[in-house]
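# Got a sequence here, can you build the structure:
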Amino acid sequence: MSAHTFSVYDMIKRNALLFPDKIAIVDGEKSMTFKEFFIHVKLLASALDRCGIKPRQSVAILSMNRIEYLVLYGATAAVGAILLPLNWRLSTDELAYILKDSGSELLFFDSSQQKQAHALKESSAFDGRLVFFDDQNYAKEEDGVNSFSDGQVRVDSLSKGQGKIDSPGRDQDGITAKMLNYSELIQQDSKISTDASSAEINSFEIDKRFQIDNDDIFALIYTAAVAGKPRGAALSHNNIIAGNMQTCLTMNIGKDDAYLNMLPLFHITGMNLSLAVMHMGGKNVIMEKFDAQQALAMVEKEKITLMASFPPILTTLMQEIDRGKLLADEINRGENVKSHEMKRDEAGTFGTEQETYRAELETRRAPYDLSSLKNTVGIDSPDNILKFREKTSSSFWVLYGQSETSGFVTLSDSSESPGSAGRQCCISDMAIVDENDVVLPAGQSGEIAVRGPLVFQGFWRGAYIDRPVGSEISGSRSSVGASSSDTGSHKTLNGVSCGEQDGGTGHRSYDTSSIRNGWHHTGDIGHIDSDGYLWFEGRKPEKELIKPGGENVYPAEVESVVLAHPDIEQTCVIGVPDPKFGEGVKAVCVRRGGSDLSEKELIEFVGSRIARYKKPGYVEFIDTMPKKADGSVDRMKVKELYGS
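Modelled structure (predicted):
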């Protein structure tokens, strides 16, 4: 650790000292002050240490949003481990690949993901330990055994004085596997007081054992698969802290702000906004997952000032705003009617009284009080954004960013330049470059290139392959072609990355194939107008990307699954306009001779093998696939003919 280090854990510790009694997180009926949050972080960090987690080892979480998700953010940072937030929309095979690629040692999960966690443990992909959050609706526990629908998992906990946990193991029948209980884990360290003083906060023993540097990796965010397999974008503590500062400065976020966590905490935008608000001493309000009625009720109850939106969230919110909220007495009456409706008569009809009340219920509503909502961040159509601003009086901030840029590169009030993606933020440099990395003038289209402290360290795994001398090039601001080189060695620990510094130069070996001539090359096409606003135009053909509802889907990944169907001879997957999600996935296919495969059958086939948000929402069968002169699929022609 150097005198210049300030990590995510340092931020959490700072807040415990500056705002000890201020509410940091609200999750339903539960809440934590900043001091309580810090204590929970320390308890879990101590448990990770006893589990044998070492610095630069990966710890995964597969869960809906919950207060413990943020605790794990802090605990992994405290011990120098790498957080691996998993997208719960992914299939078992996709998750298995990520767990294996990241070398995760522990997998935390909630009750909604218990079957998925069990399937992953029973596969050969995950050799680590499972840790479950003991929800009330978790599988029934009897005599220390938790039952799944397809087997049993024995709960294992740490008792005081037992030391480290044994290595993972299976019973002889291969059906059961040891698991850990989250609540029991964090109750084991008797040395950590839940009523720590400021002096005690500054003197926890674990702080002396784990020394974190700015360039150490805080999290791996696995991005969509360009060439069939996802890659882990390595974000350092410095990346995250810089992102916090930039977001807060741009939007004037402070300690009186309250952020509604509607977006998943595995998403880079969810991570960026939650940590940015936390950094300033603001309040995080947790939603398990998005629900329009609950979201608006929480805005009113918790005086939410900030939230984020990707299609179709804004449309759904506006529909609920138009409906209005039920008053408390109407909610109670509604519950009574609902219970009566469960008692159908023999003919299967409802009583007249109940039917009449249900018809009248919709008229007995009041407007939501959304006066606290100052800022909404996201992506949507200019028309939707304008309507939302009129209904809420909230500013809407448009953006451009990637997981590889730790979140936002541009962030501007939508009213400044409707339809654009905003202007670059205060510590992000952005340019439009041609194929030779020459910076293009305003108004001219090319690849969007980015540099600054938010640019990621590189992609996981490729980091530990030797690079040729001079393979990483950095450029000056005045001359993109000017360069210097860094070289060095790398180290591994049992095949798991150690993230060691190269030859004492202070740089680390990562797969920096997207970083050349001093710029991170995003693979996106756009132009910057004379006022500095970015206009996004799409992806480079070789890096075609589809974004349904804010998620990333690469055609190559979907195409590989479509082609696995025995009745498909050729396919080209493209993005098309979608009224609900903004953009949808369409598979244009040539069937093998004699096949009568239907669109529905193909969609179900693909949906059973990859995340359902990646499956085609549209399928069109054609006789001949457009081709280029070299025989490859002419993607642009396919989009021209079938992309509407």
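# Ends of stretch 619-638, what's the gap?
With Cα to Cα, to the nearest Å as the measure, stretch 619-638 spans 13 Å from end to end.
# averaged over its residues, what pLDDT does it have?
What stretch 619-638 shows for mean pLDDT is 88.
# ditto for stretch 128-140
pLDDT averaged over stretch 128-140 gives 70.
# Closest to the mean position in the protein, which residue would that be?
Taking Cα atoms, centre = their mean, the centroid of the chain lies closest to His267, which sits 1.3 Å from it.
# That residue contacts Gly550, correct?
Yes - His267 is within contact range of Gly550, at 7.5 Å (criterion: Cβ atoms under 8 Å). For the C-beta atoms, the positions are set from N, CA and C on the backbone; glycine is no exception.
# and the strand or helix carrying Leu185, which residues are buried?
Per DSSP states H and E: Leu185 is located in helix 182-186. For helix 182-186, a neighbour-count test (16 or more other Cβ atoms under 10 Å) marks Tyr182, Glu184, Leu185, Ile186 as buried.
# Give the other helices and strands that it contacts.
helix 34-50, strand 129-132 (3 or more Cβ pairs under 8 Å, 6 or more residues apart in numbering; DSSP states H and E).
# So which residues make contact with it?
Residues from elsewhere that reach helix 182-186, judged by Cβ atoms under 8 Å, 6 or more residues apart in numbering: 40, 43-44, 47, 51, 68, 108, 131-134, 157-158.
# give me every residue that touches Gly443.
His527, Ile528, Asp529, Ser530.
# Any figure for the gap between it and Leu411?
Going from Gly443 to Leu411 by Cβ to Cβ, to the nearest Å gives 22 Å.
# Helices along the stretch 151-300 of the chain, start to end?
182-186, 198-201, 205-209, 237-251, 268-279, 292-302 (DSSP state H, counting those that start in this stretch).
# What ranges does the stretch 201-350 of the chain have for its strands?
In the stretch 201-350 of the chain, the strands defined using DSSP state E, counting those that start in this stretch lie at 217-223, 231-236, 258-261, 283-286, 306-309, 325-326.
# Turn the helices and strands packed on helix 182-186 into a markdown table, columns for distance to Leu273 and mean neighbour count.
Output for the helices and strands packed on helix 182-186, formatted as a markdown table (distance: least, Cβ to Cβ, whole Å; neighbours: other Cβ atoms under 10 Å):
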| stretch | distance to Leu273 | mean neighbour count |
| --- | --- | --- |
| helix 34-50 | 17 | 23 |
| strand 129-132 | 26 | 24 |
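# Distance to Met287 added to those, as JSON lines?
Compiled in JSON lines, the helices and strands packed on helix 182-186 are given as follows (distance: least, Cβ to Cβ, whole Å):
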{"stretch": "helix 34-50", "distance to Met287": "18"}
{"stretch": "strand 129-132", "distance to Met287": "21"}
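# Secondary structure element holding Gly74?
According to DSSP H and E, Gly74 maps onto helix 67-79.
# what's the spacing between the nearest residue to Pro577 once chain neighbours are set aside and Phe536?
Setting aside the residues directly before and after it, Pro577 is nearest to Glu583 in space (Cβ to Cβ, 6 or more residues apart in numbering), at 6.8 Å. From Glu583 across to Phe536, the span is 12 Å (Cβ to Cβ).
# so where's the stretch 451-600 of the chain uncertain?
The stretch 451-600 of the chain contains residues with pLDDT under 70 at 461-509, 541-543.
# Tell me where it has helices.
Remark: helices assigned in the stretch 451-600 of the chain by DSSP H, counting those that start in this stretch are 555-562, 599-607.
# Can you mark which positions in the longest one are buried?
I take that to be helix 599-607. Neighbour-count burial for helix 599-607 [16+ other Cβ under 10 Å]: Leu602, Ile603, Phe605, Val606, Gly607.
# rewinding a little: now render the buried residues of helix 182-186 as CSV, adding distance to Gly422.
Below are the buried residues of helix 182-186 laid out as CSV (distance: Cβ to Cβ, whole Å):
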residue, distance to Gly422
Tyr182, 40
Glu184, 47
Leu185, 43
Ile186, 41
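# circling back to that earlier point, with respect to Leu72, which of the strands of the stretch 201-350 of the chain lies nearest?
Minimum separation from Leu72 across those (Cβ to Cβ) falls at strand 217-223, 10.6 Å.
# Show me what the mean pLDDT comes to for that closest one.
Across strand 217-223, the average pLDDT comes to 95.
# Are there helices or strands packed against that strand, and which ones?
strand 82-85, helix 92-102, strand 231-236, helix 237-251, helix 268-279.
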